[in-house]
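Asker: Please find the sequence and the predicted model below.
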Amino acid sequence: MQKTFYVMRWVVGLFSVAMMLVFSIDRPITEVLAVKKSQTKPLEKAFPGSQKCKRCHLRVFEEWEASAQSRSILTSAFRVSLERYRQSSEDKEGAMCFRCHAPSVLEYPDHAAVYVKEIESGDPRLDGVGCSQCHLIKEVNPDRHPPHPLYQLERTVFGSYTKPAENLAHQSISLPLYSQSQYCVTCHENLPGHEKLPDLLGPWQQSKKQKAGTQCQSCHMPEAFGESANGERNRKIANHSFPGRFGKVRAEAVTLEVDTKVKEQESEVTVTIQSLVPHNLPLPHPGWSRVELDLTILGKNLRKTYNERRYYERVFGDNNGKATVFDFEAVKVLKENVLKPEEKRIETFTFPTPHDAPSMDVIVTMTYAPIHGPEPFVKAVEERAALGRKARAFQPVQIVRFKENVKL
Ligand code: HEC
Ligand code: HEC
Ligand code: HEC
Ligand code: HEC
Ligand code: HEC
């Protein structure tokens, strides 16, 4: 009896070893090794906090600190939606969200619970998307969706300088990857497990900009000239404030042309929107992201005589076919009208001509709309935000505005 038991154990053992070999061929060996090695070091050693880099890279640190990426696990919208996701899915520790918002969890899957605790405390000591989470990426596996980052957790940082100055803290290796869109797409392409839904960025590879060799970095990490590390000689540097929804890059998002035709009863305004962005605008994650186009007509004494709003968004549908702003609960897309890469869109509005004034003001405004969704959700986001309604999530962000006075 006992003998057969031992034989069985051997058989099972050998079988599992064989299966492990088979499965690991599927995945690049670096990925398998990385997972194994990292678990022997405490997470804080493997992924040093951004504070550690600040000592020598003050400029970069300050730019990053002002960026959205430094707040990837801090915002109240993230905390509240993470909770909702953990309640509604099988993934009780929210590992899927951490895949991009705190990718150290990819190497330390057992730390998802630690992150959840830290986030609930409201003042996490661990970085979400900090210096190490980006600069220890050695390779990206493009065959997975989203492309999968492979980390090397040693004292070498990766970057794009071919001749970095030496220093006592780390070695540096230059990789072409750091200057390529492929690198960014690892966290900006789609939600893992939701591959059936269309990508977030849209057909960016076919855009004129990408075809001409313009990478994500060219617009979102604009080049400047200055110190890369404190006291080193000036050279080409890359801005780390990641301008996007906030910051200067917005000025280059769209051009508007407005044509007003005054008629007896109903007048007409035609707005031609040319997107200059080589990806979807807006990017439809989180699911409540939307851009608003507002037409306002002011008549006598600048009184509002007409107002109409249109939205560019992706409306997700859940299991029951109902619209939801929670993309992680989505199984399909019910409606989509985001501006595609470099798309030209024409919108026509008609409205009653104001009759009591010699002229009217035509005002067209395009903004990122504030957060919206079920009332209890929006309320929870407000309650948990340090600034309440003044938090960024509740502020519309203007992209472009056009105003003209038209004689009647
Ligand atoms: C490890 C994952 C990861 C990588 C790699 C990454 N990002 Fe991000 N990025 C994020 C997350 C998460 C956020 C959102 C943070 C938040 O607001 O909660 C973000 C936010 C941004 C924003 C701000 C968006 C806004 O609404 O204004 C820009 C711009 C951006 N990333 C560009 C880039 C570029 C360019 C690259 C490549 C150089 C890149 N990202 C690489 C995870 C990543
Ligand atoms: C594939 C990577 C990826 C995954 C997975 C992911 N996010 Fe994001 N998330 C991002 C990026 C990138 C942004 C910034 C998007 C932008 O501005 O266009 C973002 C932005 C957000 C925002 C708005 C910014 C903020 O911090 O308030 C929220 C909220 C958010 N994500 C919640 C979640 C939740 C909850 C999950 C898990 C269900 C999740 N995300 C999964 C990449 C990801
Ligand atoms: C003791 C000072 C010091 C500390 C601490 C330090 N660095 Fe550096 N780092 C340097 C110097 C010096 C350079 C070279 C700058 C140059 O060539 O102009 C550099 C270069 C780099 C580069 C560019 C490498 C390349 O090949 O493109 C990256 C990326 C980088 N550091 C990341 C980090 C990160 C991430 C941390 C924190 C984990 C960190 N550094 C901590 C001094 C430091
Ligand atoms: C979202 C990923 C991401 C994050 C977060 C990030 N970096 Fe970078 N960093 C990059 C990329 C990509 C480049 C190369 C840009 C290029 O060549 O266009 C770069 C370039 C650099 C460089 C050389 C150029 C320069 O501007 O000095 C240094 C040094 C550096 N990073 C340090 C840091 C430090 C320190 C932090 C944290 C405070 C940090 N990075 C956070 C992606 C990131
Ligand atoms: C030619 C310049 C350009 C390139 C290249 C580019 N973007 Fe953008 N991107 C923009 C502009 C402009 C905006 C701002 C739109 C606005 O604020 O109205 C933007 C917005 C964003 C945002 C935040 C806006 C949102 O709707 O949530 C993210 C995140 C982003 N881009 C990521 C990327 C990634 C990833 C790549 C590479 C695949 C990339 N971008 C390539 C110009 C560019």
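Answerer: Cool, the structure landed. Ligands and ions are numbered 1, 2, ... in the order given.

Asker: How about the residues of this structure by ligand 4?
Answerer: Residues of the chain lying near ligand 4 by CB under 6 Å from any ligand atom: 50, 53, 57, 60-61, 64, 69, 129-131, 134-135, 159-160, 178-179, 183, 217, 221, 228, 237-238, 240. C-beta: built from backbone N, CA, C; applies to glycine.

Asker: go again using 5 Å as the cut-off
Answerer: For the chain, the residues found near ligand 4 under the criterion CB under 5 Å from any ligand atom are 50, 53, 57, 60-61, 64, 69, 131, 134, 159-160, 178-179, 217, 228, 237-238.

Asker: out of the residues you listed, which touch ligand 3?
Answerer: 53, 131, 159-160, 228.

Asker: what's the farthest-apart pair in those?
Answerer: Cys53 and Ser160 (16.3 Å; CB to CB).

Asker: more neighbours, the two?
Answerer: Legend: neighbour count by other CB atoms under 10 Å for Cys53 and Ser160, higher for Cys53 (21 against 18).

Asker: Spatially nearest residue to the more buried one (excluding sequence neighbours)?
Answerer: Cys131 (4.6 Å; CB to CB, 6 or more residues apart in numbering).

Asker: list the contacts for the one you found?
Answerer: Listed by CB atoms under 8 Å, 6 or more residues apart in numbering, the contact partners of Cys131 are 48, 50, 53, 57, 60-61, 64.

Asker: From ligand 2, how far off is whichever residue of the stretch 151-300 of the chain sits closest to ligand 3?
Answerer: Proximity of the stretch 151-300 of the chain to ligand 3 (CB to the nearest ligand atom) peaks at Gly159, 2.2 Å away. Gly159 sits 21 Å away from ligand 2, going by CB to the nearest ligand atom, to the nearest Å.

Asker: State the number of residues packed around the residue nearest to Gln180 when sequence neighbours are not counted.
Answerer: Nearest non-adjacent residue to Gln180, counting by CB to CB, 6+ apart: Gln215, 5.7 Å away. Number of residues near Gln215 (other CB under 10 Å) recorded here: 18.

Asker: was I right about Gln215 contacting Tyr178?
Answerer: No - using CB atoms under 8 Å, Gln215 makes no contact with Tyr178, being 9.9 Å away.

Asker: Give me the subset of the residues of the chain next to ligand 4 lying in strands.
Answerer: 159, 237-238 (DSSP state E).

Asker: got CSV for the residues you listed, with pLDDT and neighbour count too?
Answerer: Formatted as CSV, these follow (pLDDT from 0 to 100; neighbours: other CB atoms under 10 Å):
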residue, pLDDT, neighbour count
Gly159, 97, 17
Ile237, 97, 18
Ala238, 97, 18
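
Asker: need the residues of the stretch 51-200 of the chain near ligand 1, please.
Answerer: Residues of the stretch 51-200 of the chain lying close to ligand 1 by CB under 5 Å from any ligand atom are 68-69, 72, 100-101, 103, 129, 184, 187.

Asker: Pro284 - that's part of a helix, no?
Answerer: No - membership of Pro284 in a helix is not supported by DSSP: H, G, I helix; E, B strand; the rest coil, which gives coil.

Asker: Against ligand 5, how distant is the closest residue to it other than its chain neighbours?
Answerer: With CB to CB, 6+ apart as the criterion, Pro284 has its nearest non-adjacent residue at 3.7 Å, and that residue is Arg314. From Arg314 over to ligand 5 the distance is 11 Å, taken as CB to the nearest ligand atom.

Asker: For Arg314, give the beta-bridge partners.
Answerer: Glu336 (DSSP bridges).

Asker: what do you get for Thr365?
Answerer: Asp294, Arg401.

Asker: so what does the helix or strand harbouring Phe377 touch, helix or strand wise?
Answerer: Assessed by DSSP states H and E, Phe377 sits inside helix 375-384. Contact partners of helix 375-384 among helices and strands, from 3 or more CB pairs under 8 Å, 6 or more residues apart in numbering; DSSP states H and E: helix 76-88.

Asker: tell me which strands and helices the helix it packs on is in contact with?
Answerer: helix 95-101, helix 112-121, helix 375-384.

Asker: which residues touch the second one?
Answerer: Going back to what we said before, that points to helix 112-121. 43, 73, 78-79, 82, 86, 93-95, 98, 102, 105, 124-126.

Asker: So which bits of it are buried?
Answerer: Within helix 112-121, the residues that count as buried by 16 or more other CB atoms under 10 Å are 112, 114-116, 118-119.

Asker: what would those residues look like in a markdown table with pLDDT?
Answerer: Compiled in a markdown table, the buried residues of helix 112-121 are given as follows (pLDDT from 0 to 100):
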| residue | pLDDT |
| --- | --- |
| Ala112 | 95 |
| Val114 | 94 |
| Tyr115 | 96 |
| Val116 | 96 |
| Glu118 | 93 |
| Ile119 | 94 |
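
Asker: of all those residues, which comes closest to Leu191?
Answerer: Nearest to Leu191 among the buried residues of helix 112-121, with distances taken as CB to CB, is Ala112, at 16.1 Å.

Asker: Distance check, the closest one against Ser89.
Answerer: Distance, Ala112 to Ser89, using CB to CB, to the nearest Å: 13 Å.

Asker: quick one: contacts for the residue nearest to Gln180?
Answerer: So Gln215 contacts 179-181 (CB under 8 Å, 6+ apart).

Asker: what do you get if the cut-off is 10 Å, keeping everything else the same?
Answerer: 178-184, 209, 221, 278 (CB atoms under 10 Å, 6 or more residues apart in numbering).

Asker: go on, Pro42?
Answerer: Here Pro42 is in contact with 108, 111 (CB under 10 Å, 6+ apart).

Asker: Go through the helices and strands packed on helix 76-88 and name the closest to Arg401.
Answerer: It's helix 375-384; of the helices and strands packed on helix 76-88, that one is closest to Arg401 (CB to CB) at 25.8 Å.

Asker: Only the buried residues of the helix holding Phe377, if you could.
Answerer: Going by neighbour count (16+ other CB under 10 Å), the buried part of helix 375-384 is 377-378, 380-382, 384.

Asker: ok, which of those also contact ligand 5?
Answerer: Counting by CB under 5 Å from any ligand atom, no member of the buried residues of helix 375-384 is near ligand 5.
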